[in-house]
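Can you look at this prediction? I've put the sequence above it.
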Amino acid sequence: MSSVITGPTLTTEPQPGHSVPYHIRHMEPHDISAVMALDRLAFSDPWPESAYVQEIYFNPLARYFVLELLPSQPHWRWPWKPRTSNLIGFVGMRVEQTRGHISTLAIHPDWRGLGFGELLLVTALQQAVKMKAIAVMLEVRPSNSTAQNLYAKYHFLPIGRHVHYYQDGEDALLLEVPQLDASYVQQLTQRQQQLESRIRERLTQAQASFTSP
């Protein structure tokens, strides 16, 4: 089997004294089982293992990232349900002929609503920029209004529809950011900073509530 394709290092590491214990890093082979478990939890039509193996090992145009809780922070106790894995989110994308495609994005249900999914979306968009994409597209279910609202926030526009795209027969809306220009890239940087601050604040509040007598 060929070596793992990871691309340039991209990670969001916790900083002592002011950050929270999570980071975003490239997906590795040992993550596949945890990613598949989360995929099954998040979607009714999860990917097979072979799809992840193909993307991680054999697709030089693909980049996959995971969002992982770091257990080595002694002052943090998570006020959520017990976990079998510290991996709580992932996103996958590729760039072909200057056009990016976000193929998958998921957050564990217990960790939704905190901004982690949006942070992974920003990560994928920033990676597309690094790989010289000039536009980015994705598919979304018409019934998934929450995801559509998030994508609209990042200027994804409807450009088409795939009929009976999903296994249950539902169509897929095809959305696209038509131009990743300098202004858009600057907005991504600002959004990333805002998201990290918001996540830090929300988790700190939850931590204080959890540990208070």
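Everything's here; your move. Numbering: from 1, shown residues only.

switch to C-alpha atoms for all contacts and neighbour counts from now on
Fine.

From Met93, how far out is the nearest residue to Arg161 once chain neighbours are set aside?
Leaving out its chain neighbours, the residue that sits closest to Arg161 by Cα to Cα, 6 or more residues apart in numbering is Leu173, at 4.6 Å. Applying Cα to Cα, to the nearest Å, the value for Leu173 to Met93 is 17 Å.

re the thing from before, can you pull up the bridge partners for the residue nearest to Arg161?
Beta-bridge pairing of Leu173 under DSSP bridges involves Val140, Arg161.

So it sits against His164, correct?
No: counting by Cα atoms under 8 Å, Leu173 stays clear of His164, with 10.5 Å between them.

Compare those two and say which is more crowded by neighbours.
Set Leu173 next to His164 and count neighbours by other Cα atoms under 10 Å: Leu173 wins out with 21 against 11.

got the buried residues for the helix or strand harbouring Ala206?
Using DSSP states H and E, Ala206 maps to helix 182-211. By 16 or more other Cα atoms under 10 Å, the buried positions in helix 182-211 come out as 184, 188, 191-192, 195-196, 199-200, 203-204, 207.

For Arg94, pull up the helix or strand it's in.
strand 87-96.

Give me the sheet partners of the helix or strand following that strand and which way each runs.
Per DSSP H and E, the first helix or strand lying C-terminal to strand 87-96 is strand 99-107. As defined by DSSP bridges, the strand partners of strand 99-107 come to strand 87-96 (antiparallel), strand 135-140 (parallel).
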